[in-house]
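J.: could you look at this predicted model? Sequence included:
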Amino acid sequence: MSEPEFLSPEPLSPERFRVLAEAYGGAVARWPAAVREDALRLAADPRFANILAEADALDALLDEWTAPAPSASLIEAVRARAPVAALSRRRRMRLWWSTIGIATALAGAGAGALAATVIVADPAAMEANTAFGDVAGQDS
């Protein structure tokens, strides 16, 4: 990648000095290291000092500038034109997570039902025992 023309190693001309001042501002310390030394030396000349002064004035103006707050009508207009996809994306995510929950519950119920039908108890023990105990072993 080649370096920009205004950073070439040739000596600083007034035009090149101006381009650098417009690009990097009036503080030479923010300029590329390759040209700082020459720029500081040239800044003693009134022509170059004027270029730096202009750049400093522009820097000060830019530092003071603030963007005005948007009006309520602008905010409402932007919201009215906002895409609805953001809301539907949230709804899709809720549906996705609820579907996962339902599927997990159904899988658990299915596994329990399958386990209850697969586990075979001793038929002899099933005949004698009830929910109230061993009825067959009791004397009347």
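T.: In hand now; what should we look at? Residues are numbered from 1 along each chain as shown.

J.: when you work out contacts or count neighbours from here on, use the C-alpha atoms and nothing else.
T.: OK.

J.: from residue 37, how far out is the residue lying closest to residue 55 once chain neighbours are set aside?
T.: Spatially, and ignoring its direct neighbours in sequence, residue 55 is nearest to residue 26 (4.5 Å; Cα to Cα, 6 or more residues apart in numbering). Residue 26 is 14 Å from residue 37, where distance means Cα to Cα, to the nearest Å.

J.: which strands or helices does the helix or strand harbouring residue 90 pack on?
T.: Per DSSP states H and E, residue 90 falls inside helix 85-118. Counting by 3 or more Cα pairs under 8 Å, 6 or more residues apart in numbering; DSSP states H and E, no packing neighbours are recorded for helix 85-118 among the helices and strands.

J.: model confidence over it, on average?
T.: Averaged across helix 85-118, pLDDT comes to 82.

J.: which residues of this protein fall in strands?
T.: Assigned strands in the chain, in chain order: 129-130, 133-134 (criterion: DSSP state E).

J.: looking at the first one now, give me its mean pLDDT.
T.: The reference is to strand 129-130. On average, strand 129-130 scores 64.

J.: for the last one, same thing?
T.: Averaged across strand 133-134, the pLDDT comes to 63.

J.: out of residue 26 and residue 37, which sits in the busier spot?
T.: residue 26 (24 against 13; other Cα atoms under 10 Å).

J.: how is this structure carved up into domains?
T.: 5-64, 91-130 (automatic domain parsing).

J.: state the mean pLDDT of the longest one.
T.: What domain 5-64 shows for mean pLDDT is 88.

J.: mind checking how far that domain is from the chain centre?
T.: Offset of domain 5-64 from its chain centre (Cα atoms, centre = their mean, to the nearest Å): 37 Å.

J.: so where do the helices sit in this protein?
T.: Ranges of helices in the chain, per DSSP state H, are 14-24, 33-42, 46-64, 72-81, 85-118, 123-128.
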